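Trainee: Okay, here's the prediction I keep looking at, along with the sequence it came from:
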Amino acid sequence: QPVSKYEVLDGTRDETFGVTFSPDGNWVAYTSENEHEWQTLKLRRWDGEDRTPRTVEDKFFGSSMAFTPDSQRLVYSSLHRKLNYYFLSDLRVHDRKSGKIYWLTDGARARD
C-alpha cells in the first residue's frame with residue numbers, strides 16, 4: 001500500500017512523467033507515452049470540473065515543465081528541429097486560453 005493517497009491522472013496505463021500543477025491548483029500537465037503513442041504533452045483540469053485530458057502536442061523529450069505564476073501558460077523543454085537531422089533542446093510555451101504554442105528560445109540548448 002502506498003504511504004500517501006494517489007490519483008490516476010487519466011485512467012490509462014501509459015508511462016507518465018514530468019507532472020506539474022498550476023499555481024492556482026486548477027490544472028495539471030504531464031507527458032504521457034505508450035506503445036501506440038509517442039511522448040505527448042497532456043493537460044487537464046485538477047479542480048473537479050471536466051477532468052478529461054486533452055492532448056496539447058507531441059513532445060520530443062524533456063521532462064520538466066512549469067506553469068507561469070498566473071497559471072495561463074505552460075513552459076516546457078522539447079527538441080527543436082533545425083534541419084532534417086539537427087535537433088536542439090529549446091523551451092516551448094503553450095498558452096492555455098488561446099491554445100497557441102510557440103518557441104521561447106531558439107538554439108539555446110535549454111532543457112529541463
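Mentor: Arrived safely.

Trainee: quick one: contacts of stretch 38-53?
Mentor: By Cβ atoms under 8 Å, 6 or more residues apart in numbering, the residues outside stretch 38-53 that reach it are 9-10, 21-22, 25-33, 54-61, 65, 74, 76, 94, 96. C-beta: built from backbone N, CA, C; applies to glycine.

Trainee: got it, and stretch 16-32?
Mentor: Contact with stretch 16-32 is made by 9-10, 12, 14-15, 33, 39-47, 53, 56, 59, 62-67, 69-71, 74, 76, 96, as judged by Cβ under 8 Å, 6+ apart.

Trainee: go on, stretch 75-91?
Mentor: 18, 29, 41, 59-68, 92-94, 103-112.

Trainee: ok, of the residues you listed, which come out buried?
Mentor: Buried members of the contacts of stretch 75-91, counted by 16 or more other Cβ atoms under 10 Å: Gly18, Ala29, Leu41, Lys59, Gly62, Met65, Phe67, Arg92, His94, Thr105, Ala110, Arg111.

Trainee: what about the fourth one, distance to Glu15?
Mentor: If I follow you right, that is Lys59. Lys59 sits at a distance of 13 Å from Glu15 (criterion: Cβ to Cβ, to the nearest Å).
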